[in-house]
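Visitor: just need the structure, nothing else, for what follows:
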Amino acid sequence: EVAPAPARVADTRHRLEHTQAERSEAVRAGVAATLRPALVAGHACPVCEQTVATLPAPLPGPDLAAAERAAA
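Guide: Residues are numbered from 1 along each chain as shown. The predicted structure follows:
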């Protein structure tokens with residue numbers, strides 16, 4: 001059975017918003033992964049300006065291309 005048009009529109013809008021939120025999270029994760037290798041113990045973090053006491057482990061970069069394709 002085919003859902004009424006308003007229900008399909010609402011479902012599509014919900015899926016689009018969810019996909020866009022996932023893309024935004026992938027972008028943030030990519031920025032974090034890019035910034036981590038530039039941190040220097042004893043220097044200020046470029047984001048929060050707090051002194052870096054210990055270096056965090058590297059993060060794998062997210063699949064931004066997949067997130068862009070899903071959002072498109």
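
Visitor: what distance separates the longest helix along the chain from the centre of its chain?
Guide: Longest helix of the chain, by residue count under DSSP state H: helix 5-35. Centre-to-centre, helix 5-35 and its host chain are 9 Å apart (CA atoms, centre = their mean, to the nearest Å).

Visitor: next, the angle helix 5-35 makes with the helix or strand of the chain with the lowest mean pLDDT.
Guide: Using mean pLDDT, DSSP states H and E, helix 64-71 stands out as the lowest-scoring helix or strand of the chain, at a mean of 80. Per axes from the mean of the first three to the mean of the last three CA atoms, to 10 degrees, the angle that helix 64-71 makes with helix 5-35 is 170 degrees.

Visitor: how about helix 64-71: buried residues?
Guide: By neighbour count on 16 or more other CB atoms under 10 Å, the buried set for helix 64-71 is 67, 70. From N, CA and C alone the C-beta is placed, and that goes for glycine too.

Visitor: picking that back up, the longest helix of the chain: which residues count as buried?
Guide: By 16+ other CB under 10 Å, the buried positions in helix 5-35 come out as 23, 26, 29-30.

Visitor: by contact count, what packs against it?
Guide: In this structure, helix 5-35 makes packing contacts with helix 64-71, judged by 3 or more CB pairs under 8 Å, 6 or more residues apart in numbering; DSSP states H and E.

Visitor: contacts for the helix it packs on next, please.
Guide: Helix 64-71 has contacts (CB atoms under 8 Å, 6 or more residues apart in numbering) with 19-20, 22-23, 26-27, 30.

Visitor: do stretch 25-35 as well
Guide: Contact with stretch 25-35 is made by 46-47, 58-64, 66-67, as judged by CB under 8 Å, 6+ apart.

Visitor: ok, now stretch 40-60?
Guide: Outside stretch 40-60, the residues that touch it by CB under 8 Å, 6+ apart are 29, 32-33, 35-39.
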